[in-house]
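Asker: Predicted coordinates and the sequence they were generated for:
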Amino acid sequence: MPDPREPRPAGVRPVLAWVIGVVSFFALSILGLGMLSLLAEQDIISVPQLGQLPGVVGMGLAVVVFALALRAVLAEARPSFVSSVFLALAAALAHLGGVWGTAVSEGTGGVRATAAAGQLVLGGASAVIVVAALVAAWVAIALRRTAARAPRWPWEKDGDE
């Protein structure tokens with residue numbers, strides 16, 4: 001009887017690695033930003049007359065950019081770990097651009113929008129986004145590149161053993 005698991009996969013399927021990477025990025029970002037806010041004892045963005053929408057849109061845009069870029073990277077048979085650096089930078093820049101653009105479109109003005117973006121960079125929130133994206137991308141790429149097999153019980157022996 002042939003082995004139903006043949007041919008052996010080269011790694012985790014791209015879709016599964018992608019889902020794990022995107023969910024991990026979002027979860028690590030939210031956790032990291034929450035911990036940063038807790039430890040610094042201040043809001044991530046504390047610009048007067050600026051609501052929560054710029055932060056929400058910025059995070060949403062960062063997740064979308066990360067997801068699209070990660071999908072392209074994981075499409076390769078053996079994606080490079082170096083691409084995780086570019087994924088992290090793209091996510092952080094998308095976050096900054098989303099916050100800035102939404103703040104300007106809300107009518108708070110370019111000065112306050114730039115102040116909000118400056119707070120993200122100088123306050124460490126952008127660093128949190130970069131680290132979360134680096135970790136999540138590295139994990140997704142590692143899952144894709146792995147050659148691990150499914151675990152087997154001792155009694156699950158092949159016929160010729």
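Answerer: Nice, I can see it. Numbering: from 1, shown residues only.
Asker: Only C-alpha atoms from now on, for both contacts and neighbour counts.
Answerer: Fine.
Asker: If you count contacts, what does the helix or strand of the chain with the lowest mean pLDDT end up packed against?
Answerer: Within the chain, no helix or strand scores below helix 110-123, which has a mean of 91 by mean pLDDT, DSSP states H and E. Where contact means 3 or more C-alpha pairs under 8 Å, 6 or more residues apart in numbering; DSSP states H and E, helix 110-123 is packed against helix 83-105.
Asker: who's in contact with the helix it packs on?
Answerer: The contact list for helix 83-105 (C-alpha atoms under 8 Å, 6 or more residues apart in numbering) reads 50, 53-63, 65-66, 69-70, 73, 109-110, 112-114, 116-117, 120, 126-127, 129-134, 137-138.
Asker: can you do 7 Å?
Answerer: 54-55, 57-59, 61-63, 65-66, 69, 110, 113-114, 117, 126, 129-130, 133-134, 137-138 (C-alpha atoms under 7 Å, 6 or more residues apart in numbering).
Asker: same thing with stretch 36-52?
Answerer: Stretch 36-52 is contacted from outside by 108, 112, 116, 119-120, 125, using C-alpha under 7 Å, 6+ apart.
Asker: Quick check: buried residues in it?
Answerer: Neighbour counts over stretch 36-52 (16 or more other C-alpha atoms under 10 Å) mark 36-37, 44-45, 47, 50 as buried.
Asker: export these to a markdown table and tack on secondary structure and distance to residue 143?
Answerer: Formatted as a markdown table, the buried residues of stretch 36-52 follow (DSSP: H, G, I helix; E, B strand; the rest coil; distance: C-alpha to C-alpha, whole Å):
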| residue | secondary structure | distance to residue 143 |
| --- | --- | --- |
| 36 | helix | 29 |
| 37 | helix | 31 |
| 44 | coil | 32 |
| 45 | coil | 35 |
| 47 | coil | 40 |
| 50 | coil | 40 |
